[in-house]
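Participant: Coordinates for the following, if possible.
(one chain, ligands or ions: 1)
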Amino acid sequence: MTTISATSLDLTFQTADGPVHALRGIDLTVEAGEFVSFIGPSGCGKTTFLRCVAALETPTAGELQVQGMTPDEARRARAYGYVFQAAGLYPWRTIGRNVTLPLEIMGYPKAERRERMERVLDLVELSGFANKYPWQLSGGMQQRASIARALSFDAGILLMDEPFGALDEIVRDRLNEELLALWARTGKTCLFVTHSIPEAVYLSTKIVVMSPRPGRIADVIDSPLPRERPLDIRDTPEFLAVAHRVREGLREGMEAA
Ligand SMILES: Nc1ncnc2c1ncn2[C@@H]1O[C@H](COP(=O)(O)OP(=O)(O)OP(=O)(O)O)[C@@H](O)[C@H]1O
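Facilitator: Numbering: from 1, shown residues only. This next block holds a predicted model:
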């Protein structure tokens, strides 16, 4: 089943310095349950594309469908959870009450909020941290709490904009492994923005390589790697071949820009 379908998508921002062509001719199909990474240099439109899916930006031309709906309908149907680069947890709320915030807004009864909170905190391995405050957790744990919050209302799509960009490499490796396990367990469709080639190749079933000015797709790579991926898969020739193709796509995209 197709979850995201973009056809000839264009978005031009009108700014004081003139038009900025953030996206041009984006054609992309994402099937349910895929893990799709978007990689490309700063300004190539990765965040803008995610924001279009989330109905936070409106394309100037083309068609975009999210679970067969317009992005706005999908937003109202709570089709996605959004995880940002900064965890964005409210410091005056406990982890548990940060996770239940969307559920409170949506009017879930208290008992169900609690049950869901416990389930998603367990999914991100933060059981036992519900009563802590964000500042009592490491950066990696805060990001896991932010993922739990995005999972709390069972959206089929998880939009993640560089969620691990600010973390050191060892923590990031661990979160990558955990995210893959979480994805396998939940069957979510994931759209994930990253600047890291190894991260994109390790996580994804599909890698979208983008290039700037105007933001467009330089290559779409369907990963030949198995879905089960221990971290040391990164040393295999198959992994390195995909990483090489991503690097080539980035280089060609820069040359064409
Ligand atoms: N609201 C806005 N108004 C005007 N221009 C914008 C707006 N949002 C984004 N842009 C411009 O659109 C282009 C694409 O931006 P976008 O943030 O999507 O890139 P990105 O690939 O996510 O970059 P990064 O890797 O730095 O996060 C950039 O040139 C940016 O300056």
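
Participant: Phi first, then psi, for the closest residue to the ligand within the stretch 101-250 of the chain.
Facilitator: The ligand sits closest to residue 215 of the stretch 101-250 of the chain, with a gap of 5.5 Å, by Cβ to the nearest ligand atom. (Glycine included, C-beta is placed from N, CA and C.) Taking degrees, to the nearest 10, you get phi -70, psi 120 for the backbone angles of residue 215.

Participant: residues contacting it?
Facilitator: 21-24, 40, 43-46, 48-49 (Cβ atoms under 8 Å, 6 or more residues apart in numbering).

Participant: Once you drop chain neighbours, what's closest to it?
Facilitator: Closest residue to residue 215 apart from its sequence neighbours, by Cβ to Cβ, 6 or more residues apart in numbering: residue 45 at 2.6 Å.

Participant: who wins for neighbours among the contacts of residue 215?
Facilitator: residue 49 (29 neighbours; other Cβ atoms under 10 Å).

Participant: hang on, that one in a helix?
Facilitator: Yes - counting by DSSP: H, G, I helix; E, B strand; the rest coil, residue 49 is part of a helix.

Participant: thought it was touching residue 26?
Facilitator: Yes - if you go by Cβ atoms under 8 Å, residue 49 and residue 26 touch, sitting 6.6 Å apart.

Participant: burial measure for residue 122, as a count.
Facilitator: 12.

Participant: again, but for residue 3
Facilitator: The number of residues near residue 3, taken as other Cβ under 10 Å, comes to 24.

Participant: Go through the helix or strand hosting it and flag the buried ones.
Facilitator: Following DSSP states H and E, one finds residue 3 within strand 2-15. By neighbour count on 16 or more other Cβ atoms under 10 Å, the buried set for strand 2-15 is 3-6, 9-12.

Participant: Give the pairing partners of the helix or strand that that strand is followed by; include direction for each.
Facilitator: Downstream of strand 2-15, the first helix or strand assigned by DSSP H and E is strand 18-31. Strand pairing for strand 18-31, determined by DSSP bridges: strand 2-15 (antiparallel).

Participant: Restrict stretch 4-12 to CA atoms and write it as CSV.
Facilitator: Below are the C-alpha coordinates for stretch 4-12, written out as CSV (Å, rounded to 0.1, in the frame of the first residue of the first chain):
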residue,chain,number,x,y,z
ILE,A,4,3.2,8.8,0.5
SER,A,5,2.9,9.8,-3.1
ALA,A,6,4.5,12.9,-4.5
THR,A,7,4.1,13.9,-8.2
SER,A,8,6.0,16.8,-9.8
LEU,A,9,6.0,18.6,-6.4
ASP,A,10,7.3,22.1,-6.5
LEU,A,11,7.7,24.7,-3.7
THR,A,12,9.0,28.2,-4.1
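
Participant: what sits up against that stretch?
Facilitator: 19-30, 45, 48-49, 52-53, 57-66, 157, 189, 191.

Participant: Which parts of the stretch 101-250 of the chain are strands?
Facilitator: Applying DSSP state E, counting those that start in this stretch to the stretch 101-250 of the chain gives strands spanning 157-161, 189-194, 206-211, 216-222.
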